[in-house]
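>>> Here is a sequence with its predicted model. Questions after.
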Amino acid sequence: MTEFENFNAIHLHETHAAIAIVEMLRLLVDEYSVGWQQAWNAVNHTFSAGIYSVKQGQMEKWPVDLFSKILPRHYDIIVSIN
């Protein structure tokens, strides 16, 4: 894992795929027992984004109570990031 970002690159073109960042953190921390800081560094150096047009109608919004029920671990990770 110390060189993950040297061999992997993930580019997000739109906001809809942003949950992929949280999913990678979840996988690294929960499934592969990588420490939070090392996982965070890998994610930060692996993902890039090219979001060129952010309009109100294009943003996907989920109510917090629904999101936290459907994806509770992802929600916990988002709260930790925030």
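Now that the structure is in, tell me what you want to look at.

>>> ok, now which ones touch the most centrally placed residue in the chain?
When C-alpha atoms, centre = their mean is applied to the chain, the residue found nearest the centroid is Ile21 (1.8 Å). Taking C-beta atoms under 8 Å, 6 or more residues apart in numbering, we find Ile21 in contact with Leu12, Val43, Phe47. From N, CA and C alone the C-beta is placed, and that goes for glycine too.

>>> what does the model give it for pLDDT?
Predicted confidence (pLDDT) for Ile21: 94.

>>> and if you look at Tyr52?
Tyr52 carries a pLDDT value of 68.

>>> which intervals of this protein have sub-threshold pLDDT?
Low-confidence segments of the chain, defined by pLDDT under 70: 51-55, 57-58.

>>> What are the boundaries of the strands in it?
Counting by DSSP state E, the chain has strands at residues 10-12, 47-49.

>>> Tell me the strands beside the last one, with direction?
This points to strand 47-49. Strand 47-49 pairs in its sheet with strand 10-12 (parallel), by DSSP bridges.

>>> can you list contacts of the strand it pairs with?
Against strand 10-12 from outside (C-beta under 8 Å, 6+ apart): Ala18, Ala20, Ile21, Met24, Thr46, Phe47, Ser48, Ala49, Gly50, Ile51.

>>> Can you select the buried ones from those in PyMOL?
Remark: buried members of the contacts of strand 10-12, expressed as a PyMOL selection using 16 or more other C-beta atoms under 10 Å:
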select buried, resi 21+24+46+47
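
>>> now the contacts of strand 10-12 in a markdown table, with distance to Tyr75?
Output for the contacts of strand 10-12, formatted as a markdown table (distance: C-beta to C-beta, whole Å):
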| residue | distance to Tyr75 |
| --- | --- |
| Ala18 | 14 |
| Ala20 | 15 |
| Ile21 | 14 |
| Met24 | 16 |
| Thr46 | 22 |
| Phe47 | 19 |
| Ser48 | 24 |
| Ala49 | 21 |
| Gly50 | 26 |
| Ile51 | 22 |
